[in-house]
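Chemist: curious how this folds, go ahead:
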Amino acid sequence: MKDSYNREIEYLRVSVTDKCNYRCFYCLPDGGVLGIPESEMLSFEDIVRVISIGVGLGIRKVRFTGGEPLLRENFVKLVEMTSKIKGLEKISLTTNGFLLGRYARDLKKAGVQGLNISINSLKPKKYMQITGGGRITDFFTGLNEAISAGFQTVKLNVVYLKGFNDDEVEDFVHLTHDRKIIVRFIELMPKGEARNIWHDNFALIKDLRKRLKAKRLIVQEDESNKTAFSGPSRYYLTPWGGKVGLIGLMSDHYCRDCNRLRLTSDGKLYPCLMNHIYEDLKPLLKGGDEAIRESFLKMVQLKPWQANIEDENMMSLIGG
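Modeler: As a prediction, the model looks like this:
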């Protein structure tokens, strides 16, 4: 599928729940959210049907997100069902890592190839602060189990926050010293709850790039494994052969290479993370596949060239 700007759309992000056991201050409000009732969520059969229709139109990669996707009951079963779709080339998962220690090996066996684990501080007190009570020991238990399970890729996603974790950059990079992982620093987006901390905590990724180069923590750009699924991250090698990714959502014109659609847990198909336009697929699931195909094609053609940062959708609802 090609959009009106000739971008090849082959990546579908699927939020399976808006619920999360953490309360990161850039994502969820202090009081949490009411959430989507389970009765309103798509069944596993419906999710697999939508993905299958998408694959028939050119989708090649699926990433499961949340909320925290591992909170969805029997989530491993959904992965098993999805892995049977012919033509789907890659299944990935974004998680906060809390339940990875329990599920990593089952996820690998079910068909998950790539993991992105969200982590915004390596200091126990700050980790507890940003997550609303999380323990850094749970994160490392999950990370180590994921590495041991042998996933194709394990990436750590770090939202780069001025005045909060910008003093931990070196510590994050050094995690690649003795672990087969990639650490990625991501620019804060002015969306949802993040707007409340934007002026205090936003920092440009291009400035971080200069800082890492000056300290020789990165020495050269790495394009050796760049594929259609690589996404917006620019990767750099460390002096010891580790890999660091930098994602400038705002400063590096992230949108121009966007190749994805997003499906919410209650069946809304979005062309853009930061846009209020969507097609509600839930009523269409009562009928044949053609109407759903038409919705896919419509959303592809409505993908904007540039995101609308004024939209109010919360990250946990649409899937970060």
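Chemist: what residues does the one helix or strand residue 246 maps to touch?
Modeler: Element membership of residue 246, judged by DSSP states H and E, is strand 243-247. Applying C-beta atoms under 8 Å, 6 or more residues apart in numbering, the set of residues contacting strand 243-247 from outside is 155, 173, 176, 182-187, 205, 208-209, 212, 217-218, 222, 231-238, 254. Where you see a C-beta, it was placed from the backbone N, CA and C, and this is true even at glycine.
Chemist: which SSE is immediately downstream of it?
Modeler: By DSSP H and E, the next helix or strand past strand 243-247 is strand 260-263.
Chemist: so for that following strand, mean pLDDT?
Modeler: Averaging pLDDT along strand 260-263 gives 97.
Chemist: give me the mean pLDDT for the following helix or strand past that strand.
Modeler: Using DSSP H and E, the helix or strand that follows strand 260-263 in sequence is strand 268-270. Summarised as a single mean, pLDDT over strand 268-270 is 98.
Chemist: re the thing from before, the contacts of strand 243-247 in helices, which ones?
Modeler: Secondary structure of those is defined by DSSP state H; positions in helices are 173, 205, 208-209, 212.
Chemist: buried subset of these?
Modeler: Members of those that pass the buried threshold by neighbour count (16 or more other C-beta atoms under 10 Å) are listed as 173, 205, 208-209, 212.
Chemist: how about the strands in the stretch 101-250 of the chain?
Modeler: In the stretch 101-250 of the chain, the segments counted as strands under DSSP state E, counting those that start in this stretch are 114-118, 153-160, 182-187, 220-221, 234-237, 243-247.
Chemist: need those strands in a markdown table (columns: distance to residue 76 and mean pLDDT).
Modeler: Converted to a markdown table, these look like this (distance: least, C-beta to C-beta, whole Å; pLDDT from 0 to 100):
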| stretch | distance to residue 76 | mean pLDDT |
| --- | --- | --- |
| strand 114-118 | 14 | 98 |
| strand 153-160 | 18 | 97 |
| strand 182-187 | 24 | 96 |
| strand 220-221 | 37 | 94 |
| strand 234-237 | 30 | 95 |
| strand 243-247 | 27 | 96 |
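Chemist: turn the ones you listed into TSV, columns for distance to residue 197.
Modeler: Formatted as TSV, these follow (distance: least, C-beta to C-beta, whole Å):
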stretch	distance to residue 197
strand 114-118	16
strand 153-160	10
strand 182-187	13
strand 220-221	30
strand 234-237	25
strand 243-247	18
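Chemist: so which of the ones in helices among the contacts of strand 243-247 is the closest to residue 42?
Modeler: Checking the ones in helices among the contacts of strand 243-247 against residue 42 by C-beta to C-beta gives residue 205 as the nearest, at 34.2 Å.
Chemist: leaving out sequence neighbours, find the closest residue to that closest one.
Modeler: With C-beta to C-beta, 6 or more residues apart in numbering as the criterion, residue 205 has its nearest non-adjacent residue at 3.8 Å, and that residue is residue 248.
Chemist: need the contact list for residue 120.
Modeler: When contacts are counted by C-beta under 8 Å, 6+ apart, residue 120 touches 24, 127, 130, 158-159, 161, 164-165.
Chemist: narrow the contacts of strand 243-247 to those that are buried.
Modeler: The neighbour-count test (16+ other C-beta under 10 Å) marks 155, 173, 176, 182-187, 205, 208-209, 212, 217-218, 222, 231-238, 254 as buried among these.
Chemist: tell me where the model's unsure across the stretch 101-250 of the chain.
Modeler: Along the stretch 101-250 of the chain, the parts satisfying pLDDT under 70 run over 191-196, 225-231.
Chemist: swap in 50 and give it another go.
Modeler: With pLDDT under 50 as the threshold, the stretch 101-250 of the chain has no low-confidence stretch at all.
Chemist: ok, residue 281 - how many residues close by?
Modeler: A count of nearby residues for residue 281, using other C-beta atoms under 10 Å, gives 23.
Chemist: and the nearest residue to it once chain neighbours are set aside, how far from residue 46?
Modeler: Distances taken as C-beta to C-beta, 6+ apart place residue 267 nearest to residue 281, at 4.6 Å, with adjacent residues excluded. Distance of residue 267 to residue 46, given as C-beta to C-beta, to the nearest Å: 7 Å.
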